[in-house]
Every structure is written in structure tokens, then in C-alpha cells.
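Asker: How does the following fold in three dimensions:
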Amino acid sequence: MRRLSVGIYFFLIHGFAVAFHIPSGCAVEWADVMAPASERFANRDTPAVPHFQKHVVPLLGRLGCNSAKCHGSFQGQGNFQLSLFGFDFLADHSALTNKASSEQEARIDLTEPDQSLVSLKPSGDDPHEGGQRFNVGSCEQHLLLRWIESGAHVDLTASNPDPKPNLASDVEREFFLTEVKPLLEDHCYECHGYQNKKGGLSLRNRNDLLQGSDNGRVINLEEPDRSFKLSVINAENPDRQMPPSGKWPAEKLQILEDWVMMGAPWAEDGEALSRTNALQLQKLHCEPSELVFDEDDQPVKLRVIAEWEDGTLEDVTCLARYQTNDDSVVSITKDGMANFTGEGDTHIVIYYDNGVAAIPVIRPYLSRGASPRSNAETIKHPIDQYIQAKLEKLGLQSSSTCSETEFLRRLSIDLTGTLPSPDEIAKYLQDPSPDKRLRKIDELLNTTSYTAWWTNKLCDFTGCNPKSISSLLEEAREEGYVKASRWYDWIFQQVDASQPYDQIVQG
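Answerer: Here you go, the predicted structure:
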């Protein structure tokens, strides 16, 4: 039996859709949480040292420096380009430490940190088209200056660090993407790509490749010509030869040998190289986890705690970015202060590093009179119980059960994207069975129309179109059409096999 999504279920039965939040539990009592950067860098002479990924890059994002309207744009501003929202740490570090177009100052001055442009321009001490981004003597300026004073290091240390950083040139990246990657995809990914790890070898990224297999290292960067990977691909013995399909022709072997001799440079289409070496953010914890305003409620200060892969906890409220999905219900300041503005429900979205968290916000419709009568005792299904709980918070009464014709029309449109045929309507209405709604749901969930309709939806959600896939310049190329078709086919297979959504997301 296929599983019906929660949102559709409620829409079909009650006649309208209401987004709702399933609580994750009670508020957590935090211990050993590192104080926020606003406190640790409040004074200029602080001994604290910022971390490039945890503090510097998020600060640049909070200040708007790496946004699409500033240095994060495709061409950059003032010959200074940062990756959009800080997705490429190595590129950003390189851009910050490179010489600026100005002949008077450097972006980073290790001998005289106070003369660094990254401090002078956003503080207003040097002409800046983006205007003043922080005050002189602020914690933001102190953080940047302390990072420069400490050596302006990149500080990328993953749990399995790359033994030789991937500092590939543009030519090497292009060589990997056009020559090497297609070979790996055609001959190696079936056993070692994506979630496959045959023999302990994974080719998902360069770091996994350098970790080797159950037999040890497959790439020897110190002595490339002695690499195990080359030896097994060159092997004459069929029992030892890889791939099992047969020995590669000389031109393919030469491509792989040239790549290993280069140091095995790696690149991903549209993905930052440095993410494979970055610290991994496990989760963003938000307090409170839900905002329910009453008529006289005062503003609420949010708190955001980052949990890293090594178990470190840090208060990053002052480094996170905030956004309200509906400012007619709630507004949010850059410091995380939420203010009620009207009735309704929405979410506050929080961004930090590569993490995104959403806090549900509810303000009851008190202007509509008294709160509705609760009928929770008559509700059996757990989904309906969550929905009823939210309706009561909003001060709304659930709709009565819809008619059979309304149900069939809504069900057909939502599940298959089409209206029911006249014969289908007649057959359904003549069915006296009390469970005919559930049986009709199962029937439509097992149709090709359902699979095709929801494949289209998932492809829309994931941006599956030739333009966005093939080029940042929005040019639809043949490569884009091929990849879009492959993506559609893969999603279709997952939906047709009733693969759970969380497993589809994991790939």
C-alpha cells in the first residue's frame, strides 16, 4: 500500500489545507554551550580566536557581503567575488587573502590588521558602495580583526581530513569534469558510486577516494605510478582486473594516469570542493521551538544553538540570519527578536552555515470571537489530532466532512492531477461500502497517473530543468536535457516503488 502525504490527507477530508508542526519534544536544558561571539569578541583585546567556517563566513553572510546583490553575485562587486552565501570556503579564503584592486591597502593585512580593507570598508572608515555594515569597535569588527591577527587561517578540519588538500586549478577541474568523471560514472559508479561501497571503496568525493578500500590506499599521491587503482585497471589477470567488464583501451588508461599524476584533482558540478573538508553541522536547535502569541504578548528573543559533528555546542544567535515567511503575522529583526504583527500562522526561517531551521508562529484569530469547541475526544487518527491541536491554537473550527462527490474530485486532482471520468463518478457513488474512501485512495495510489503526477511535482521542487542543470547562465544545453531526463526517470522509479520520502532525499 502506498503512503499518502499528511497535507493531502487533511485537505481531502476536511476541505482545506492547514500547515501544522509536529513538536519534537520539550525544550532541552543545555550544558557546556559556548558563549555567543557577540560576548566573546565584545572587547578588542579578547584572547578568543575566531574559526573561519564557524564565525567569519557566517558573519559575512549576516552582513550581506556574500549575497547575490553584493560580492556573492556572479561577477562580484569591485573585483571582489565571494561564493554565494559562503558555500565555497576555500574560494572565499582565497578571495579574502588575495591582493585587492586598490593600490593603497590589502584586503587582509597580517602586519597591520587595522588597515585591512575587510575591516575598513564595512566599518565606514574607507569608501564602500555597500555602505556601513557595522560600527567601529563592534563585536563584528573585533571578530574580523582577531581572525586576521591570529593568521587568517582557513581552519577546515573534518573528522577524516584530506591528506592532500584539493587545490585544483581551473584547468585541472575542467579535465576532471570532462574527461575523468565520465569514465568513473560509466565504469566505476555501479559498485563504488553514490551509496555503493563495494570492497570498502567509495567514489562519492575525493576524500572518500583517498581513504582507500579494504585493501588499503587506491591512490598514492606521493608515488602516483605505484597507485593500486592503476595497477588493477592495467591488470592482465581477469581475477584481479577492475572493472570486471574488461580492460580499458589505452586512451582511457592514459586519461586516468594523467589524472593521478596531477594529484587526483576533483570537482563537482555546482558544488563547492571545500565542503568535503568542512566541519559538519549536525543540527540547529532553536528556542523556543514554537511561537504562540496571545493578544498582549511581548516580543520574543530567539536563541539558536549549533551542534557540530564533534559534539561541540555553540550559541550562534548573533551569527545566524533570519527571515519571516509572512511579515503580516510576525516580523523578525536581524538580532532574532520576533514581534507579533497580525493574526494567522507562518514560520520564521533561520540560516547558519549549511543549516536551515524553521520555527512555527501562530497568532489565534481572536477577532472572530470565542475559541471553538474542542472535539478532540472524537478524533482517533494521530494526523487529525495534530491538525485539531493547531486549529484550536488558531481559534478555528474544523470543517465538516465533505460530500462524496467533493471527496472524489479533490482526491483525483491531488493524487493524479486529473478529474474523475463520468463512469468513475457513477461507479463510486453507487458503491454502498463504508470504507470506499480508503479503497479509492489505495486504487489511485497504484495508478501510473499518480506516479507521473508526483514525479513531476518532485522534479519541480528539485529544479529539474535543462536550463538550471546545465548552466548558471540559463542556457539549455544538450547536457542539461540528458541530466534532466535521467533525474526524472530516477524519481519516477522511486515513486513507483513507494520509496519513503526520507530515503528519496538521502539518494
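Asker: the helices in the stretch 351-500 of the chain, which residues?
Answerer: In the stretch 351-500 of the chain, the helices defined using DSSP state H, counting those that start in this stretch lie at 382-394, 404-416, 422-430, 436-445, 448-461, 466-470, 478-496.
Asker: between those, which one is nearest to residue 124?
Answerer: In terms of CB to CB, the element of those nearest to residue 124 is helix 466-470, at 37.9 Å. All C-beta atoms are positioned from the backbone trio N, CA, C, and that covers glycine.
Asker: Including distance to residue 299, could the helices of the stretch 351-500 of the chain go into TSV?
Answerer: Below are the helices of the stretch 351-500 of the chain laid out as TSV (distance: least, CB to CB, whole Å):
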stretch	distance to residue 299
helix 382-394	19
helix 404-416	39
helix 422-430	52
helix 436-445	44
helix 448-461	34
helix 466-470	39
helix 478-496	43
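Asker: any idea which of those scores lowest on pLDDT?
Answerer: In terms of mean pLDDT, the lowest-scoring of those is helix 466-470 (a mean of 47).
Asker: what separates the residue lying closest to residue 313 once chain neighbours are set aside from residue 307, distance-wise?
Answerer: Leaving aside its chain neighbours, residue 313 sits nearest to residue 33 (4.5 Å; criterion: CB to CB, 6 or more residues apart in numbering). Distance of residue 33 to residue 307, given as CB to CB, to the nearest Å: 10 Å.
Asker: Can you give the domain ranges for this structure?
Answerer: What automatic domain parsing lists as the domains of the chain is 21-36+281-363, 49-149, 170-275, 400-506.
Asker: Comparing those, which comes out most buried?
Answerer: Compared across the domains of the chain, domain 49-149 shows the largest average neighbour count, a mean of 18 (mean count of other CB atoms under 10 Å).
Asker: Tell me how far it lies from the chain's centre.
Answerer: On the basis of CA atoms, centre = their mean, to the nearest Å, domain 49-149 sits 24 Å off its chain's mean C-alpha point.
Asker: For that domain, measure first residue to last.
Answerer: Distance across domain 49-149, first residue to last, is 9 Å (CA to CA, to the nearest Å).
Asker: Over to stretch 44-63?
Answerer: Stretch 44-63: ends 20 Å apart by CA to CA.
Asker: residues making contact with that stretch?
Answerer: Stretch 44-63 is contacted from outside by 37, 40-41, 66-67, 82, 85-86, 89, 92-93, 122, 133-134, 137, 140, 142-147, 150, 153-156, 278-279, 306, 308, 314, 316, 319-321, 334, 351-353, using CB atoms under 8 Å, 6 or more residues apart in numbering.
Asker: all strands of the stretch 201-350 of the chain, in order?
Answerer: With strands called from DSSP state E, counting those that start in this stretch, the stretch 201-350 of the chain shows them at 281-287, 291-292, 300-301, 303-308, 313-315, 321-324, 330-332, 337-340, 344-352.
Asker: between these, which gets the lowest average pLDDT?
Answerer: Looking at the strands of the stretch 201-350 of the chain, the bottom one is strand 291-292 with a mean of 89.
Asker: show me the contacts for residue 314.
Answerer: Per CB under 8 Å, 6+ apart, neighbours of residue 314: 33, 34, 36, 54, 305, 306, 308.
Asker: repeat that with 6 Å
Answerer: By CB atoms under 6 Å, 6 or more residues apart in numbering, residue 314 lies in contact with 34, 306.
Asker: Test of understanding: give the bridge partners of it.
Answerer: Judged by DSSP bridges, the bridge partners of residue 314 are residue 34, residue 306.
Asker: Pull up the gap between it and residue 57, please.
Answerer: 14 Å.
Asker: same question, residue 205
Answerer: Going from residue 205 to residue 57 by CB to CB gives 20 Å.
Asker: for the stretch 151-300 of the chain, what are the low-confidence residue spans?
Answerer: 155-170, 190, 193-196, 221-222, 224-246, 267-277, 295 (pLDDT under 70).
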